[in-house]
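Colleague: sharing a model prediction with you, sequence too.
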Amino acid sequence: MIDQRRLSQEEIADRLEIADLLARYCHAIDSKQWELLDGVFTPDARIDYTTSGGIQGRFPEVKDWLAKTLVHFPMTQHLVTNLQIEIQGDRATSRAYFYNPMGEPKPEGTGLKLFFVGGYYLDKLTRTPAGWRISERFEQQAWMAGR
């Protein structure tokens, strides 16, 4: 049976804030404004990018890794869709699809070679005095094409 309960105004506001948080993550990564990630993750967040060849660790370590690694990709575009959000008080979980075209310089220096990545962000979130923040992220890469 499908859950047909009506959402409260607070639940709607929380869901919109979490959706905005996920969009802010994409903007921070794609604009390479790493300091914006401070408003996305809790300071002690655990992040795991290992299924896509990345690292896992605490937020400060992963933030530094992102800055050093993604500089090699002058074009990235993260799109997040199909959000499933469950809220329990000041804690929440979300599952969101991601589609990520990326461009790396061609060896001969004439433009970008594009490749595409898809998967899921599986997040645990915490309501803080500054709003919702991701306290744990597992990126599950589902596929890659063109690389």
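Modeller: Here it is on my side, so go on.
Colleague: rest of the way, CA atoms for contacts and neighbours
Modeller: Fine.
Colleague: show me where pLDDT drops low in this protein?
Modeller: 1-3 (pLDDT under 70).
Colleague: which helix runs longest in it?
Modeller: helix 9-31 (DSSP state H).
Colleague: now the angle from the host helix or strand of Thr93 to helix 9-31?
Modeller: Element membership for Thr93, per DSSP states H and E: strand 91-105. Relative orientation of strand 91-105 with respect to helix 9-31: 20 degrees, computed using axes from the mean of the first three to the mean of the last three CA atoms, to 10 degrees.
Colleague: buried sites along the helix or strand that strand 91-105 is followed by?
Modeller: The C-terminal neighbour of strand 91-105 among helices and strands, as given by DSSP H and E, is strand 112-128. When burial is assessed from 16 or more other CA atoms under 10 Å, strand 112-128 yields the following buried residues: 112, 114, 116-127.
Colleague: sorry, back to before: can you dump the C-alpha atoms of the strand holding Thr93 in PDB for me?
Modeller: This file holds the C-alpha atoms of strand 91-105, laid out as PDB (Å, rounded to 0.1, in the frame of the first residue of the first chain):
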ATOM      1  CA  ARG A  91      17.900  13.400  11.700                       C
ATOM      2  CA  ALA A  92      17.200  12.400   8.200                       C
ATOM      3  CA  THR A  93      18.300  10.100   5.400                       C
ATOM      4  CA  SER A  94      18.300  10.700   1.700                       C
ATOM      5  CA  ARG A  95      18.900   8.800  -1.400                       C
ATOM      6  CA  ALA A  96      19.400  10.800  -4.600                       C
ATOM      7  CA  TYR A  97      20.400   9.800  -8.100                       C
ATOM      8  CA  PHE A  98      23.400  11.700  -9.600                       C
ATOM      9  CA  TYR A  99      24.400  12.200 -13.200                       C
ATOM     10  CA  ASN A 100      27.800  13.800 -13.700                       C
ATOM     11  CA  PRO A 101      29.300  14.700 -17.000                       C
ATOM     12  CA  MET A 102      33.000  15.600 -16.600                       C
ATOM     13  CA  GLY A 103      35.600  17.000 -19.000                       C
ATOM     14  CA  GLU A 104      39.400  16.500 -18.900                       C
ATOM     15  CA  PRO A 105      41.800  18.100 -21.200                       C
END
